[in-house]
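Asks: got a predicted structure plus its sequence, pasted below:
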Amino acid sequence: MRIGLTYDLRSDYLAEGHGDEETAEFDSPETIDAIEEALAALGHEPVRIGHLRALGRRLLAGDRWELVFNIAEGLYGFGREAQVPALLDAYGIPYVFSDPLVMALTLHKGMAKHVVRDCGIATPDFAVVESLAHAEALRLPFPLFVKPVAEGTGKGIAAASRVTGQAGLLRVCAELLRRFEQPVLVETFLPGREFTVGIVGQGDSARALGVMEVSLNEQAERNAYGFHNKEHYEGLVNYRLERGPLAQSVERTALAAWRALACRDGGRVDLRLDAQGAPNFLEVNPLAGLHPVRSDLVILAGLAGISYRELIGRILDGALGRLGATPKTRGAPRDVPSVA
């Protein structure tokens with residue numbers, strides 16, 4: 001099968017003058033090489049496309065693919081992760097990972113938590129703060145945890161994200177509102193252990209790859225699996241696979257959230273235990289990182305005895321199963337009128 005690869009290469013954006021933090025979520029050449037090699041080893045013909053603008057140029061030139069493996073994050077707005085899927089939908093080309101609705105919904109952590117909470121799934125009490133006046137009016141009990149509403153890779157999360165009083169809340173909200181130019185998510189801080197659950201598939205066919213606990217060393221920034229700790233995870237973060245009744249409880253909550261949000265093919269759900277030891281949904285990543293060494297989903301898969309090639313194969317199998325046994329019948333290369 002001829003499979004296109006859409007992605008945002010960090011070096012491309014750095015060359016255009018974008019900053020290090022702004023491009024922190026984007027991919028390295030190692031990730032693209034690894035996905036390409038895995039797809040080829042699985043018997044497919046990978047074709048590099050690149051970012052949204054490159055995809056648009058290729059489509060207008062008449063290029064088509066039987067399937068697109070999309071890991072493009074986008075650059076601007078709450079809908080940035082939805083842009084490539086939306087364009088592929090417009091041209092009738094099937095792709096791996098979630099659709100535009102899911103990508104836009106889940107990038108906005110507050111909106112995702114509204115849906116999850118309305119579906120009866122435990123999640124910390126929260127508010128989406130758009131101004132300091134709004135932050136001053138909050139009546140959530142301290143301690144609270146504060147982070148940008150639509151960022152990944154731990155951007156905007158540090159030890160200071162856990163606040164214990166009004167002055168700290170206003171200080172951190174002011175800094176994040178200024179720095180990221182987007183609303184801030186404020187939620188009750190949960191004191192328990194933190195987990196991430198890798199998931200493949202969708203709906204009733206969704207299955208967990210494993211439940212991984214994420215814990216911080218003494219040298220790490222406290223209370224926050226944030227940007228600094230993620231960047232220097234080798235010496236600051238411990239990862240271990242959880243098993244037994246607790247893992248089963250965490251897995252059930254993660255799968256319930258995954259299904260409630262209609263995520264598909266592959267990704268991660270992050271959870272934390274409350275004071276009573278019950279798992280609570282924090283956020284979902286339907287476009288999880290796939291760096292062959294550093295990404296949480298890949299680390300989790302490795303702990304579960306799943307190789308990188310097998311992980312990519314399971315994600316791909318989920319997409320192909322969703323599309324039917326003969327995906328060429330849906331979204332095969334065809335002529336689509338171009339727009340002048």
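Replies: Arrived safely. Numbers count the residues shown, from 1 in each chain.
Asks: hmm, residue 291 and residue 31 touching each other?
Replies: Yes - assessed by C-beta atoms under 8 Å, residue 31 is found in contact with residue 291 at 4.8 Å. Just so you know, the C-beta spots here come from the backbone N, C-alpha and C atoms, and that holds for glycine as well.
Asks: neighbour count winner among those two?
Replies: A direct count of neighbours by other C-beta atoms under 10 Å for residue 31 and residue 291 places residue 31 higher, at 22 against 17.
Asks: helix, strand, or coil at residue 280?
Replies: Assigned with DSSP: H, G, I helix; E, B strand; the rest coil, residue 280 falls in the strand class.
Asks: what about the closest residue to it other than its chain neighbours, neighbour count?
Replies: Spatial nearest neighbour of residue 280, chain neighbours left out: residue 122 (4.6 Å); criterion: C-beta to C-beta, 6 or more residues apart in numbering. Applying other C-beta under 10 Å, we find 16 residues neighbouring residue 122.
Asks: pLDDT value on residue 122, please?
Replies: We have a pLDDT of 98 for residue 122.
Asks: for the one 3 residues further on, same thing?
Replies: With respect to pLDDT, residue 125 has a value of 98.
Asks: residues contacting it?
Replies: Applying C-beta atoms under 8 Å, 6 or more residues apart in numbering to residue 125 gives the contacts 140, 187-188.
Asks: from the residues you listed, which land in strands?
Replies: Counted as lying in strands by DSSP state E, out of those, are 187-188.
Asks: nearest to residue 257, of the contacts of residue 125?
Replies: Distances from residue 257 to the contacts of residue 125, taken as C-beta to C-beta, are shortest for residue 187 (14.9 Å).
Asks: what number of residues are in the vicinity of the nearest residue to that closest one once chain neighbours are set aside?
Replies: The shortest distance from residue 187 to any non-neighbouring residue, by C-beta to C-beta, 6+ apart, is to residue 126 (3.8 Å). Residues lying near residue 126 (other C-beta under 10 Å) number 19.
Asks: who touches residue 126 in this structure?
Replies: Contacts of residue 126 (C-beta under 8 Å, 6+ apart): 110, 113, 140, 185-188.
Asks: helix, strand or coil for residue 63?
Replies: Here residue 63 is recorded as coil under three-state DSSP.
Asks: ok, it - contacts?
Replies: Contacts of residue 63 (C-beta under 8 Å, 6+ apart): residue 4.
Asks: ok, the helix or strand where residue 283 lies: who's next to it in the sheet?
Replies: Using DSSP states H and E, residue 283 sits within strand 279-285. Sheet pairing of strand 279-285 (DSSP bridges) gives strand 266-273 (antiparallel).
Asks: neighbouring contacts of the partner strand?
Replies: 96-98, 124, 190-201, 250, 253-255, 257-258, 279-288, 296-297, 300, 311, 314-315, 318.
Asks: so how do I select the buried members of those in ChimeraX?
Replies: Of these, the buried ones can be selected in ChimeraX as follows, counting by 16 or more other C-beta atoms under 10 Å:
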select :96,97,98,124,190,193,194,195,196,197,198,199,200,201,250,253,254,255,257,258,279,280,281,282,283,284,285,286,287,288,296,297,300,311,314,315,318
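Asks: strands - which of the contacts of strand 266-273 land there?
Replies: Those of these lying in strands (DSSP E): 96, 194-200, 279-285.
Asks: what is the nearest of the residues you listed to residue 16?
Replies: Closest approach to residue 16 among the ones in strands among the contacts of strand 266-273 (C-beta to C-beta): residue 285, at 25.4 Å.
Asks: mind listing the residues bridging to the closest residue to that closest one other than its chain neighbours?
Replies: Excluding the flanking residues, the one nearest residue 285 by C-beta to C-beta, 6+ apart is residue 268, at 4.7 Å. Counting by DSSP bridges, residue 268 is bridged to residue 198, residue 285.
Asks: return the distance of residue 268 relative to residue 13.
Replies: Per C-beta to C-beta, to the nearest Å, residue 268 is found 24 Å from residue 13.
Asks: who has more neighbours, the two?
Replies: Relative neighbour count places residue 268 above the other of residue 268 and residue 13, with 24 against 16, counting by other C-beta under 10 Å.
Asks: look up how far residue 88 lies from that one.
Replies: Distance from residue 268 to residue 88, by C-beta to C-beta: 23 Å.
Asks: cool, residue 188 as well?
Replies: On the measure of C-beta to C-beta, residue 188 and residue 88 end up 38 Å apart.
Asks: could you do residue 247 as well?
Replies: Taking C-beta to C-beta as the measure, residue 247 falls 36 Å from residue 88.
Asks: which of these two has more neighbours?
Replies: Neighbours per residue (other C-beta under 10 Å) separate residue 247 from residue 88, with residue 88 holding more: 23 against 19.
Asks: what sits against that one?
Replies: When contacts are counted by C-beta under 8 Å, 6+ apart, residue 88 touches 55, 68, 70, 94-95.
Asks: what about 6 Å?
Replies: By C-beta atoms under 6 Å, 6 or more residues apart in numbering, the contact set of residue 88 is 68, 95.
Asks: ok, the nearest residue to residue 250 once chain neighbours are set aside - contacts?
Replies: Leaving aside its chain neighbours, residue 250 sits nearest to residue 279 (4.6 Å; criterion: C-beta to C-beta, 6+ apart). The contact partners of residue 279, taken as C-beta under 6 Å, 6+ apart, are 249-250, 253, 271, 273.
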